[in-house]
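Undergrad: model this:
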Amino acid sequence: MKNYRAKVAVMAAMAAGRKRVDAGDLKGAIRRFDRAVRLDPVAAQAYLYRAGLKLLVADDRGALEDFQAISRLEHSHLPAYRDLTTLSAEEFPKLIAAAERMLKRAPNCAWAHVFHAFSLRSLMLYEDAINDLDRAVACEPKSAALWAMRSRVKLTNRQKFYDGVRDMEKAVALAPDWGWLNCWLGEALRHQGEFARALKALDKGLSLDGRYLRGHAWRGGVLVALGRSKDAIKSLSRSLAFDPIYHYDFEYTADQKSWALNQRMLARRQLGDVPGALRDLNEAHRYGPRYAWVFNPTGDPKIFEQGIDELSRALSRDPKIAWAWAWRGWTFEQWGRLDEALSDLSHALRLSPRLAWPWAWRGKVLLAMGRPAEALDCLDRALRLDPAYAQAYGWRGEARRLLGRIAPAIKDFTEAIRLDHRAAWAFAARGECWQKQGRLKEALHDLDRALAICPDYAEALAWRAETRRLAGDLKGGLADADAALKLKSGLVLVYLTRALIKQGLRDYKGQLADFRRAARLDPSLLAAKA
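TA: Alright, predicted model coming up:
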């Protein structure tokens, strides 16, 4: 369907359908998607979304017809079915059970397996999702789209990453002239660090389909890695030129926008354009508060020093750039230099007292300094200025938890999760709060969710170990405690938890060893316990 107005009509019908879903009118939503399919019988995402709605209203026969229709479609363009228009098991808890009911009825329906996989993926259950996609590929082994779907899920699972690259190469071999597919291969290779091959794949993909915005973004990321800053800025700027009609994308996702803006920030920094980089970083943080001036997971002091020096040079030229003071303060916080962080953030707020995030960051610093009451005041101010800042709810929840206000803390962590459903830290913190209230079932649910998102989250493993101990699952608690200490050997309270578990298992020698380890790490803790 090439007619622009006709595409707008299809978009409008699907958008109206989604609004009816938000209103709880599933049958009304189905009627809107019926209209979308009548207007464009090859709109894969309309079939997929409608199939999910039909499952929820128990129209299994209609859902099966939609899943089968998708298999007959031509997939040389990229429909938005992967992550933009499918229903979410997070939002509809009955969706997984409905999809499983469908699969019992039609175990060889490839796209029913895809839909079930997407539902599991929305809960970050990647291994289970991959199992479903294995079955989908077995049903239709010549479908490049299915190989690509499986690849993308594997690429989000570190244990399956290289399998994901191989799947994408297989998909491209099956359909070498699909532009979006070559771009997806380029993105897989970018993550693998094969930048020359990635650039080649992206160039081919964009030569076949120059309107694919994500392809331009990924190409920009490759060029940043190669140090070609000016070319990177061109590609990233092109990716941010929103084209809402491209293949019925409802939105160029906030995650993708924030990533592209962060990459453009890095390119501007390479060129010494600190004001431009600050503008891009602020915009990236607005879309998704995951990015900072310095990305330094190893804590390398040289990387922190470089970031501080860049901002310091900018401030020496113009000391009234409030955001430069703010980001320098936040960089000091990441570095653990809390006094300097507090000073810079306070200076930023003297210059611009209505900046929401610096108030939140100042609250976070005060939390780290053991001053939760002052932190709470800062975080209240931050959320009055920006009530959509997920991290601030999490930090305020932590301040309230430290002050013994558990019920309000749970509300804050719940709001953080609503704003960012991938916030493992918020699930984990809420789980700990449920545990303190004795609601162990809710605690285990949240801690399981946190660890599904971030399997190497040592603190979440520690809290789940204690929760399992309290619930009487000593062997499960022991496994969690062992895993937590393998990741972080200095977690004193985990040694105490493990000692109590070993006492329950009558391993008195192991119990004594863990008490002694805890005493060596923090003698005052055991003195307080005594």
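
Undergrad: So for this structure, the centremost residue is which one?
TA: When the chain is reduced to its mean C-alpha position, the nearest residue by CA atoms, centre = their mean turns out to be residue 422, at 4.6 Å.

Undergrad: What confidence value was assigned to that residue?
TA: Residue 422 carries a pLDDT score of 79 in this model.

Undergrad: The residue nearest to it when sequence neighbours are not counted: what's it in contact with?
TA: Leaving out its chain neighbours, the residue that sits closest to residue 422 by CB to CB, 6 or more residues apart in numbering is residue 453, at 5.7 Å. For the C-beta atoms, the positions are set from N, CA and C on the backbone; glycine is no exception. The contact partners of residue 453, by CB atoms under 8 Å, 6 or more residues apart in numbering, come to 124, 422, 424, 427.

Undergrad: Switch those residues over to a markdown table; also include distance to residue 396 and secondary structure.
TA: A markdown table is the format used below for the contacts of residue 453 (distance: CB to CB, whole Å; DSSP: H, G, I helix; E, B strand; the rest coil):
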| residue | distance to residue 396 | secondary structure |
| --- | --- | --- |
| 124 | 25 | coil |
| 422 | 19 | coil |
| 424 | 18 | helix |
| 427 | 16 | helix |
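
Undergrad: ok, of those residues, which come out buried?
TA: With neighbours counted by 16 or more other CB atoms under 10 Å, the contacts of residue 453 contain buried members at 124, 422, 424, 427.

Undergrad: and residue 117, how far is that from residue 130?
TA: Using CB to CB, to the nearest Å, one gets 8 Å for the distance from residue 117 to residue 130.

Undergrad: domain parsing for the protein?
TA: Here the domain parsing of the chain from automatic domain parsing is 1-161, 176-288, 292-352.

Undergrad: next one: the last one to chain centre, how far?
TA: Yep, that's domain 292-352 we're talking about. Its chain's C-alpha centre and that of domain 292-352 lie 25 Å apart, by CA atoms, centre = their mean, to the nearest Å.

Undergrad: What about residue 142, how many residues nearby?
TA: By the measure other CB atoms under 10 Å, the count of residues near residue 142 is 9.

Undergrad: I should have written residue 371 there, sorry.
TA: By the criterion of other CB under 10 Å, residue 371 has 17 neighbours.

Undergrad: which ones are touching it?
TA: Under the contact definition (CB under 8 Å, 6+ apart), no residues are listed for residue 371.

Undergrad: now swap in residue 354 and tell me
TA: residue 385.

Undergrad: and it, what pLDDT?
TA: What the model reports for residue 354 is a pLDDT of 96.

Undergrad: Would you check how far apart it and residue 391 are?
TA: Shown here: residue 354 relative to residue 391, a distance of 18 Å by CB to CB.

Undergrad: List phi and psi for residue 409.
TA: The main-chain torsion angles of residue 409 are listed as degrees, to the nearest 10 and equal phi -60, psi -40.

Undergrad: That one touches residue 393, doesn't it?
TA: No: with contact defined as CB atoms under 8 Å, residue 409 does not reach residue 393; the gap is 9.9 Å.

Undergrad: more crowded one of the two?
TA: Just comparing residue 409 and residue 393: by other CB under 10 Å the higher neighbour count belongs to residue 393, 28 against 25.

Undergrad: and the nearest residue to that one once chain neighbours are set aside, how many residues sit next to it?
TA: Computed as CB to CB, 6+ apart, the closest residue to residue 393 that is not its neighbour in sequence is residue 416, at 4.0 Å. Close neighbours of residue 416, defined as other CB under 10 Å, add up to 25.

Undergrad: Same check on residue 116?
TA: Under the criterion other CB under 10 Å, the count of neighbours that residue 116 has is 26.

Undergrad: So it versus residue 95, what's the distance?
TA: Spatial separation of residue 116 from residue 95 under the definition CB to CB is 9 Å.

Undergrad: what comes up buried for the one helix or strand residue 264 maps to?
TA: Per DSSP states H and E: residue 264 is located in helix 254-270. Using 16+ other CB under 10 Å as the test for burial, helix 254-270 gives 256-270.

Undergrad: just stretch 502-510 next, same as before
TA: Of the residues in stretch 502-510, those scored as buried under the neighbour-count criterion (16+ other CB under 10 Å) are 502-503, 507, 510.

Undergrad: Can you check the distance spanned by it, start to finish?
TA: Using CA to CA, to the nearest Å, the end-to-end distance of stretch 502-510 comes out at 6 Å.

Undergrad: what residues does it touch?
TA: In this structure, residues lying in contact with stretch 502-510 by CB under 8 Å, 6+ apart are 469, 474-475, 478, 498-499, 511, 514.

Undergrad: Now do the phi/psi pair for residue 353.
TA: Torsion angles, degrees, to the nearest 10, at residue 353: phi -70, psi -10.

Undergrad: Could you list every helix and strand in contact with the helix ranked longest in the chain?
TA: With DSSP state H setting the assignment, residue counts place helix 4-22 as the longest helix in the chain. Counting contacts by 3 or more CB pairs under 8 Å, 6 or more residues apart in numbering; DSSP states H and E, helix 4-22 packs against helix 26-39, helix 44-56.

Undergrad: for these, which one ends up most surrounded?
TA: Mean neighbour counts were taken over the helices and strands packed on helix 4-22 using mean count of other CB atoms under 10 Å, and the top value, a mean of 26, falls to helix 44-56.

Undergrad: Please work out the angle formed by the directions of that one and helix 26-39.
TA: Angular relation of helix 44-56 and helix 26-39 on a 0 to 180 degree scale: 150 degrees, by axes from the mean of the first three to the mean of the last three CA atoms, to 10 degrees.

Undergrad: any idea how far helix 44-56 is from the chain center?
TA: On the basis of CA atoms, centre = their mean, helix 44-56 sits 24 Å off its chain's mean C-alpha point.

Undergrad: for this structure, which spans come out with low pLDDT?
TA: The model of the chain has pLDDT under 70 over residues 1-6, 78-86, 90, 157-160, 242-253, 525-530.

Undergrad: one step back: and the gap between the residue nearest to residue 422 and residue 427?
TA: The separation that residue 453 has from residue 427, given CB to CB, amounts to 7 Å.

Undergrad: Kindly report the same for residue 458.
TA: Note on residue 458: its distance to residue 427, by CB to CB, is 15 Å.

Undergrad: swap in residue 40?
TA: According to CB to CB, residue 40 stands 39 Å off from residue 427.

Undergrad: returning to what we had before: contacting residues around the following helix or strand past the helix holding residue 264?
TA: Using DSSP H and E, the next helix or strand after helix 254-270 towards the C-terminus is helix 274-287. The contact list for helix 274-287, computed with CB under 8 Å, 6+ apart, reads 254-255, 257-259, 261-262, 264-266, 268-269, 291-293, 310-311, 313-314, 321, 323-324, 327, 357.
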